[in-house]
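Novice: here is a sequence together with a model predicted from it:
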There are 2 protein chains.
Amino acid sequence: MYVYTYICIVKLEQAIQSTKFKNEVHKATLNVLYTAWWLKTLMSKELKEFGLTHEQYNVLRILKGKHPEQMCVKDIGCRMIEKNSNVPRIIDRLELKKLVKRNDSEFDKRETVITLTQSGIAVLEATTHKVNELMKDEVVMNEKDATSLNMLLEKLRASE
Amino acid sequence: MYVYTYICIVKLEQAIQSTKFKNEVHKATLNVLYTAWWLKTLMSKELKEFGLTHEQYNVLRILKGKHPEQMCVKDIGCRMIEKNSNVPRIIDRLELKKLVKRNDSEFDKRETVITLTQSGIAVLEATTHKVNELMKDEVVMNEKDATSLNMLLEKLRASE
DNA sequence: AACAAATAGATGTATATACACTTAAATTAA
DNA sequence: TTAATTTAAGTGTATATACATCTATTTGTT
């Protein structure tokens, strides 16, 4: 009996139906953009089950990092992956769903401080569990390769 | 006389002010998402000068790839980096700016075929020139590293 | 040929991004 | 201490994403 193992690496060429890259660096930039889209889409599929968007989930995770401490809107913004996210509006949706709570800051009256609710913690934990399972299945990568990838990405952004 | 060369690699930890990564693979996924945002933001700065968004530019480049052939909306969509892009609406804005032209397909009346206008070609060429210059300055990466990066990203998406 | 299913594009809605602007409060300078 | 500047959050607008639905064709099946 023979067992055939097909290891199908989907190349960027197939994904965006193009073969005209100026050079490997050009291809790499498109590859990063495409992979980011791929990751977001993958995660969103799981998040949708919990009525969360990718960005709402990101805010919840940031709040969890400091919980039970409160965080002001600005500090949440600084930790967002996409720096132009409009945090007050993402908070709006989370507050409507009773996953976070807004309070005026006593320390600085310009600030609004945000806390996770019990419900927010519960939803976040359940979601994180499912997302981690998904990632384990779909993102097939060993620690050594991941370390190389991290190094290369940080090298690419060297001019930052 | 001493010359100090500071090579500052901005780590993800600084960018999103977090050090709590489950493992290198987890960090790599966040790193891909952050780098994609970084690249988009960088490019958008240049594109804004030409009144184009990242996605509008992407559509123009795709059309250029086949020019002077026409392309239908669906074929443009297949080549987009972000597959959920709403191509008809991106075409709407490009059409308003007279950079592309819509025509009914003779071959299949359900299809709309799109062509670059002379103005579209001119704008695209000027933009591409500026964007390439910018990339050369900001994305500091040699071909060998870029090849490794491409390999790793495709490995990461292996389950696709 | 007639009808069912599939496909292409357009359109509607909720959410997000990108960015400018407003308001209130805090900080700094005169 | 008042006035100017800066900062935090919220709000407005255009564009985009994600996804569902609608309409007009085309294709496939009987």
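Specialist: Arrived safely. Numbering: from 1, shown residues only, chains lettered A, B, ... in the order given.
Novice: longest helix in chain A, please.
Specialist: Scanning chain A for the longest helix, with DSSP state H as the assignment, gives helix A:24-48.
Novice: for it, the distance to its chain's centre please.
Specialist: 11 Å (Cα atoms, centre = their mean, to the nearest Å).
Novice: just checking, what packs against it?
Specialist: helix A:12-16, helix A:54-66, helix A:118-138, helix A:143-156, helix B:24-48, helix B:118-138, helix B:143-156 (3 or more Cβ pairs under 8 Å, 6 or more residues apart in numbering or on different chains; DSSP states H and E). All C-beta atoms are positioned from the backbone trio N, CA, C, and that covers glycine.
Novice: average model confidence for it?
Specialist: For helix A:24-48, mean pLDDT rounds to 94.
Novice: that one near DNA strand C at all?
Specialist: No: using Cβ under 7 Å from any atom of the strand, helix A:24-48 stays clear of DNA strand C, coming no nearer than 9.5 Å.
Novice: buried ones in that helix?
Specialist: For helix A:24-48, the neighbour count (16 or more other Cβ atoms under 10 Å in any protein chain shown) marks A:24-25, A:27-40, A:42-43, A:46-47 as buried.
Novice: okay, the helices and strands packed on helix A:24-48 in JSON lines with distance to B:Leu94 next?
Specialist: As requested, these are exported to JSON lines (distance: least, Cβ to Cβ, whole Å):
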{"stretch": "helix A:12-16", "distance to B:Leu94": "19"}
{"stretch": "helix A:54-66", "distance to B:Leu94": "27"}
{"stretch": "helix A:118-138", "distance to B:Leu94": "34"}
{"stretch": "helix A:143-156", "distance to B:Leu94": "30"}
{"stretch": "helix B:24-48", "distance to B:Leu94": "13"}
{"stretch": "helix B:118-138", "distance to B:Leu94": "7"}
{"stretch": "helix B:143-156", "distance to B:Leu94": "29"}
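Novice: go through these and find the least confident stretch.
Specialist: Among those, helix A:12-16 has the lowest mean pLDDT, at a mean of 88.
Novice: can you tell if that one touches chain B?
Specialist: Yes: on the criterion Cβ under 8 Å from any Cβ of the partner chain, helix A:12-16 is in touch with chain B at A:Leu12, A:Ala15, A:Ile16.
Novice: ok, the last one to B:Thr127 distance?
Specialist: As for A:Ile16, its distance to B:Thr127 is 19 Å (criterion: Cβ to Cβ, to the nearest Å).
Novice: try the first one
Specialist: Computed as Cβ to Cβ, the A:Leu12 to B:Thr127 distance reads 22 Å.
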